[in-house]
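structural data only, the sequence is not supplied:
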């Protein structure tokens with residue numbers, strides 16, 4: 001009934017209206033029950049983002065309120081113009097760290113100049129995301145492999161720890177964007193540790209972990225920060241020590257802001273904006289898809305690009321630094337029972353209400369407490385189990401993982417993520433250009449399958465059978481040629497070669513040339529080449545290009561049965577009479593010249609599957 005109602009409603013909506021206002025497509029899902037569920041989920045998200053927004057903004061080198069502003073209008077725009085029912089946009093740890101690491105070299109963090117650069121960067125990121133979405137390039141995010149994401153987030157976790165050591169220990173040293181420089185300065189000034197600040201940070205850390213363990217329904221960040229702030233207040237009240245705090249938030253309502261539009265600034269920020277776009281879209285799409293697997297929703301990557309782009313553009317003019325889809329807040333939103341994107345709208349409105357009520361209390365939040373909760377966040381980014389699985393599963397992915405982590409810790413972050421993507425592409429190209437060429441024989445356990453040759457597998461002394469698994473295109477022909485030559489060198493006495501094309505998913509003109517030249521060169525060596533089970537599109541290309549003339553139309557078969565039956569009649573009967581392999585059905589009954597065999601071996605009677 002619900003699906004029928006949707007069709008009748010959409011019948012009165014023009015395609016243009018749905019493209020400009022995509023939230024009209026799910027308005028039929030809104031009712032009194034969903035509004036109640038979305039309001040409760042929005043309250044949970046508002047409470048959750050309160051400590052996160054402050055902590056992440058501090059991590060980004062921005063005034064704390066900018067993290068909260070990023071969870072207001074950008075979150076609403078991202079939800080209404082995106083495709084996910086549950087994705088929560090706002091400040092995230094990866095984008096916050098990248099903002100600090102890339103912009104802190106241009107201006108001092110927390111200064112008006114730094115803020116202006118970040119606002120401009122936010123606008124550029126939004127325009128790039130919007131452009132990619134309008135150009136229907138949503139699949140680009142797929143080029144960021146899982147190994148790259150795991151490696152980058154692990155490296156980002158280590159960087160966050162390095163960046164917050166000075167705040168946790170109360171050491172007065174400049175903030176460094178470089179991990180090595182931050183660790184060096186920390187170690188050389190370790191004797192300047194402020195014991196009171198360290199005590200507050202340690203107390204917050206323990207309180208947050210305890211809250212995470214025993215109060216799972218309460219955001220552990222909130223538990224740690226509130227108790228840490230209370231502990232710091234007690235130290236100050238009893239005159240033990242004064243612990244630095246973040247100060248009172250200037251306004252609960254996001255003020256209007258204006259990015260810079262100078263050509264020089266945009267040229268300087270272009271590579272940073274591109275890297276932030278990759279990270280932000282990867283976070284948003286992966287978060288949306290992870291929840292969609294549980295909710296059964298289908299995610300439109302292009303629409304999500306558009307929603308995220310508009311969210312960044314809106315944030316650039318409402319005092320927000322670059323935002324993205326948050327994995328933990330999105331998961332919490334789903335678990336809290338959100339039914340529609342209106343939960344994000346409720347979250348933004350309720351966050352504004354909460355800030356209006358508790359804004360003066362922000363002056364009691366210790367900087368050390370922010371550092372403590374960021375330590376826990378950072379440790380959560382280092383997924384040791386996932387890294388171990390990648391390391392065990394594939395050498396190529398292990399290399400990508402290692403290179404990405406090292407690049408993240410040693411070079412600029414905008415370059416590090418591009419290095420990881422480049423390594424992923426190189427690994428993919430190596431895989432695509434090195435398809436497997438396997439020698440196969442009929443499987444004794446099944447009369448319908450071929451299997452890879454093992455050490456004890458009986459082989460036909462006159463016929464060699466190879467299967468190509470992968471694309472036969474300009475990038476792979478040299479590798480396939482080498483593999484076939486190696487296979488021929490291992491069995492030079494065979495006079496018939498059958499290539500099974502079941503696994504060939506693509507043949508281009510270079511592949512057609514290769515097969516034609518292979519057939520010609522083998523024929524000159526008194527060896528016949530045969531093809532079977534080619535896909536229709538591959539066979540059509542060979543026919544159109546004239547390659548089939550060189551191969552021979554009578555040497556191409558639709559099934560393996562047909563190929564074996566024809567090739568068997570061409571074998572040397574004398575050699576077959578002395579053969580003990582008997583791996584084909586034809587071997588059990590007659591010789592190639594029509595005479596009967598004397599001692600068939602029924603245990604090896606096979607018929608290859610077509």
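Good, I have the coordinates. For clarity, every value in this text was computed on a predicted model and none was experimentally measured.

I'd like the distance between residue 259 and residue 126.
10 Å (Cβ to Cβ, to the nearest Å). Every residue, glycine included, has its C-beta placed from N, CA and C.

and residue 389, how many residues sit next to it?
Residue 389 has 14 neighbours, counted by other Cβ atoms under 10 Å.

next: residue 178.
With other Cβ under 10 Å as criterion, residue 178 counts 19.

please report the distance of it from residue 410.
Using Cβ to Cβ, we find residue 178 at a distance of 9 Å from residue 410.

returning to what we had before: of residue 259 and residue 126, who's got more company?
Between residue 259 and residue 126, counted using other Cβ under 10 Å, the more crowded position is residue 126 (27 against 19).

can you read off the pLDDT for the nearest residue to residue 26 once chain neighbours are set aside?
Closest residue to residue 26 apart from its sequence neighbours, by Cβ to Cβ, 6 or more residues apart in numbering: residue 340 at 6.1 Å. pLDDT for residue 340: 93.

over to residue 340. Which of the three states is it?
When classified by DSSP: H, G, I helix; E, B strand; the rest coil, residue 340 comes out as coil.

equivalent analysis for residue 240, please.
Assigned state for residue 240: coil (three-state reduction, three-state DSSP).

that one touches residue 196, doesn't it?
Yes. Between residue 240 and residue 196 there is a contact at 6.7 Å, judged by Cβ atoms under 8 Å.

of the two, which one has the most company?
Neighbours per residue (other Cβ under 10 Å) separate residue 240 from residue 196, with residue 196 holding more: 19 against 12.

identify the residue spatially nearest to that one, adjacent ones excluded.
residue 241 (3.4 Å).

so residue 531 makes contact with residue 504?
No. Residue 531 lies out of contact with residue 504 (Cβ under 8 Å); the separation is 9.4 Å.

which stretches of the stretch 51-200 of the chain have low pLDDT?
For the stretch 51-200 of the chain, the stretches flagged by pLDDT under 70 are 177.

cutoff 90 now
Regions of the stretch 51-200 of the chain meeting the criterion pLDDT under 90 cover residues 51-52, 54-55, 58-59, 93-94, 97-98, 101-102, 104-105, 136-164, 172-182.

what about the strands in it?
Taking DSSP state E, counting those that start in this stretch as the criterion, the stretch 51-200 of the chain contains strands spanning 89-90.

same thing with the stretch 351-500 of the chain?
All strands of the stretch 351-500 of the chain, identified by DSSP E, counting those that start in this stretch, fall at 436-442, 450-452, 463-469, 496-500.

nearest residue to residue 186 other than its sequence neighbours?
Closest to residue 186 by Cβ to Cβ, 6+ apart is residue 165, at 4.7 Å.

just list the residues touching that neighbour, thanks.
Neighbour list for residue 165: 171, 182, 183, 186, 371 [criterion: Cβ atoms under 8 Å, 6 or more residues apart in numbering].

contacting residues for the third one?
In this case it means residue 183. Neighbouring residues of residue 183 by Cβ under 8 Å, 6+ apart: 162, 165.

same deal with the last one?
Counting by Cβ under 8 Å, 6+ apart, residue 371 makes contact with 164, 165, 167, 168, 201.

list the buried residues for stretch 285-295?
Using 16 or more other Cβ atoms under 10 Å as the test for burial, stretch 285-295 gives 285, 286, 287, 288, 289, 290, 291, 292.

in helices, which of these fall?
285, 286, 287, 288, 289, 290, 291, 292 (DSSP state H).

picking up where we left off before, closest to residue 135 out of the strands of the stretch 351-500 of the chain?
Smallest distance to residue 135 across the strands of the stretch 351-500 of the chain (Cβ to Cβ): 33.8 Å, for strand 463-469.

what is that closest one packed up against?
Strand 463-469 sits against strand 436-442, helix 477-490, strand 496-500, with contacts defined as 3 or more Cβ pairs under 8 Å, 6 or more residues apart in numbering; DSSP states H and E.

which of the ones you listed sits most buried?
Highest mean neighbour count of these: strand 496-500, a mean of 22 (counted as mean count of other Cβ atoms under 10 Å).

what is the distance between it and the centre of its chain?
Relative to the centre of its chain, strand 496-500 is centred 39 Å away, using Cα atoms, centre = their mean, to the nearest Å.

so after it, what's the next helix or strand?
Once the chain leaves strand 496-500, the next helix or strand it forms, by DSSP states H and E, is helix 509-524.
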